[in-house]
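Novice: Structure for this input, please:
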Amino acid sequence: MGSIVLIKKEKKQLEIIDGQQRLTSLSLLALSCIRIIEELILSNENKSDNLERKDILMRKFVGFKSAKSLMFSPKLKLNKLNNPTYSSYLIQFHNVPNKSKLAKSNKALLDAYEYFYKKLKQEVFKDNNTDNLIDFIEFVGDNLQFIQITVVDELNAYLVFETLNDRGIPLTVTDLFKNYLFSKVEEDDQEHIKNKWDNILSYVRHRDFSNFLRYYWISRNRLITEKELFKAIKRTVSDQEDVIDIITNLEVHAEVFNALSDPKDDLWKGHPDLIYHLTELQIFGIKQPFPLLLSAYEKFDISTFTKVVKICSVVAFRYTVISGLKTNILEQVYSKAANNIIKGISTNSSQVFSDLGQLYVSDEIFTNQFTLKTINTKSKNRLARYIIYNLENKNSDLGTFDFEQDNGTLEHILPENPSDDWNSSFVKDTQIEFIYRIGNFTVLESKLNKECENKLIEDKKAKYSKSKYSLTKEFDYEIWNPNKLKHRQSKQAKLAKQIWRLNY
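Specialist: Predicted coordinates:
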């Protein structure tokens with residue numbers, strides 16, 4: 001069953017750092033077995049023996065009955081959100097009221113419980129054989145094995161996490177960070193911290209939290225890896241005041257972090273230029289600028305913030321999308337620029353651009369790389385549309401086509417599935433090298449695109465002349481071969497240099 005990481009607490013208690021879901025799931029499996037026996041008791045079937053069976057199984061797998069309240073007290077205690085449902089209803093075999101109003105994680109508990117119960121009824125207890133049911137749950141209890149790792153504090157738990165990560169087990173610092181924060185807060189204030197934590201997770205998904213935490217951290221501190229993050233936090237966050245400070249800041253930034261990945265978020269409503277540039281970053285799949293953008297949103301007005309987002313977008317397009325340069329320096333540069341904003345060193349977009357200057361690819365390198373760029377439209381069609389529509393709008397006097405809303409289609413001049421008639425223009429074995437070159441793309445009305453299909457260039461040209469798109473209407477190549485394609489892409493590169501440019 002893999003490894004579980006535990007921290008020793010007082011009175012022989014252990015806190016589960018890694019393994020919570022597995023242990024909870026196994027507990028629900030045991031409860032589902034006992035639930036079937038509970039139903040036999042309620043129907044007076046072999047009642048005395050089944051009462052004894054229930055008592056044995058509850059003591060072994062679930063918990064002990066209080067002599068005063070006659071309620072079962074579980075061995076396993078879940079978090080504050082889930083434990084009331086688990087301890088007051090599931091292990092007491094009571095129906096849960098108002099299921100529709102339960103939190104998502106409590107609904108998941110009930111779903112798992114019902115799933116196990118139905119499976120056991122169908123596959124283990126199908127012949128109403130109690131012995132089969134007992135044999136099954138005891139086999140599970142006796143034969144499943146865990147690697148138990150018990151440590152004395154959070155830092156030692158983190159060192160274990162590092163070792164496990166080195167072996168390829170995907171763990172993060174999220175739960176460790178949460179547990180550490182709560183360990184530094186007085187019990188009376190824990191509910192306040194929990195509310196802030198829950199609010200953060202309403203914006204940031206659990207699996208994204210470690211990224212969010214690191215981006216926030218390096219936006220105001222030196223660049224560190226995820227492995228170094230917990231150590232750095234522990235050095236800085238040492239008392240309750242520090243905890244409240246960091247959790248409050250994270251709560252403020254969580255909404256922004258979430259919205260940076262979603263240009264349609266209400267946070268950006270009424271700012272079309274900002275939405276457009278965030279959409280660009282989304283299309284590029286770029287998140288390295290997020291620490292900088294968190295700082296910029298905190299310190300700048302919305303107009304200056306929009307300019308910073310545009311800087312990040314143009315830099316990313318030139319550096320990563322087109323030039324494909326090494327990414328190992330990106331976070332270092334963005335983190336330093338973010339720090340300068342927080343420290344008040346950079347107070348406007350011009351100074352931010354100066355901090356990112358080494359990432360701004362020169363016109364010469366950019367045009368050379370653009371001239372050679374290939375984009376596979378099967379996996380990156382949105383990116384290809386974005387580029388071609390920008391070229392179209394720059395080339396046309398109209399310049400009004402929205403690549404997301406316009407119903408034009410991407411046309412491959414040399415078709416994606418060329419007929420043998422194309423072999424005289426493009427050698428068959430080399431066709432794939434040219435199909436997805438930017439120079440082989442244009443934009444065309446859907447009806448005309450269907451009419452073009454795999455036709456040769458002389459037939460396609462007649463269709464192109466009917467198009468409303470300038471790039472297509474003005475297509476002036478009588479023949480189409482590798483040299484003509486390269487020539488056209490070189491012309492496109494000169495347009496691109498003007499489109500994706502920053503003048504600071």
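Novice: can you tell me which residue is nearest the centre of the protein?
Specialist: residue 208 (5.2 Å; CA atoms, centre = their mean).
Novice: What residues of the helix ranked longest in the chain count as buried?
Specialist: The longest helix of the chain (DSSP state H) is helix 20-42. Within helix 20-42, the residues scored as buried using 16 or more other CB atoms under 10 Å are 20, 23-24, 26-38, 40-41. (Each C-beta comes from the backbone N, C-alpha and C, glycine too.)
Novice: Low-confidence bits of the stretch 301-450 of the chain, can you list those?
Specialist: For the stretch 301-450 of the chain, residues meeting the criterion pLDDT under 70 lie at 399.
Novice: swap in the chain?
Specialist: For the chain (pLDDT under 70), the answer is 66-70, 72, 154-155, 157-173, 399.
Novice: got the residue ranges for the strands in it?
Specialist: Using DSSP state E, the strands of the chain run over residues 3-8, 14-18, 63-65, 72-74, 147-151, 409-412, 441-444.
Novice: wait, what's in contact with the residue lying closest to residue 325 once chain neighbours are set aside?
Specialist: Nearest residue to residue 325, sequence neighbours excluded (CB to CB, 6 or more residues apart in numbering): residue 319, at 5.4 Å. Counting by CB atoms under 8 Å, 6 or more residues apart in numbering, residue 319 makes contact with 325, 330, 359-361.
Novice: Pull out the buried positions in stretch 248-268.
Specialist: Those would be 250-251, 253-260, 263, 265, 268, for stretch 248-268 by 16+ other CB under 10 Å.
Novice: and of these, the nearest to residue 236?
Specialist: Set against residue 236, the nearest of the buried residues of stretch 248-268 by CB to CB is residue 250 (13.4 Å).
Novice: Run a quick neighbour tally on the nearest residue to that closest one once chain neighbours are set aside.
Specialist: Take residue 250 and drop its neighbours on the chain: the residue closest to it by CB to CB, 6+ apart is residue 200, 5.6 Å away. Using other CB atoms under 10 Å, residue 200 is surrounded by 22 other residues.
Novice: List the contacts of residue 200.
Specialist: 209, 247, 250-251, 254.
Novice: Could you tell me which of the residues you listed belong to helices?
Specialist: 209, 247, 250-251, 254.
Novice: now the residues you listed as TSV including distance to residue 497?
Specialist: Shown next, in TSV, are those (distance: CB to CB, whole Å):
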residue	distance to residue 497
209	40
247	46
250	41
251	43
254	38
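Novice: check contacts around residue 406.
Specialist: residue 389.
Novice: do you know how far it is from residue 496?
Specialist: Distance, residue 406 to residue 496, by CB to CB, to the nearest Å: 19 Å.
Novice: Could you do residue 225 as well?
Specialist: Taken as CB to CB, the span from residue 225 to residue 496 is 35 Å.
Novice: follow-up on the earlier one: mean neighbour count and distance to residue 230 added to the strands of the chain, as CSV?
Specialist: What follows is the strands of the chain, written out as CSV (neighbours: other CB atoms under 10 Å; distance: least, CB to CB, whole Å):
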stretch, mean neighbour count, distance to residue 230
strand 3-8, 18, 13
strand 14-18, 18, 12
strand 63-65, 15, 33
strand 72-74, 16, 30
strand 147-151, 14, 13
strand 409-412, 20, 46
strand 441-444, 26, 47
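Novice: and of those, who's closest to residue 394?
Specialist: Nearest of the strands of the chain (CB to CB): strand 441-444, 12.7 Å.
Novice: what are the pairing partners of that closest one, and which direction each?
Specialist: Next to strand 441-444 in the sheet, as set by DSSP bridges, lie strand 409-412 (antiparallel).
Novice: pull the CA atoms of the partner strand into CSV?
Specialist: Output in CSV follows, covering the C-alpha atoms of strand 409-412 (Å, rounded to 0.1, in the frame of the first residue of the first chain):
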residue,chain,number,x,y,z
THR,A,409,-10.7,28.6,-41.0
LEU,A,410,-7.0,27.9,-41.2
GLU,A,411,-6.0,26.8,-44.7
HIS,A,412,-2.9,24.7,-45.4
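Novice: Now do it: everything it contacts.
Specialist: 377, 381, 384-385, 388, 435-436, 440-446, 449, 452, 472.
Novice: same thing but 7 Å
Specialist: 377, 381, 384-385, 388, 435, 440-444, 446, 449, 452 (CB atoms under 7 Å, 6 or more residues apart in numbering).
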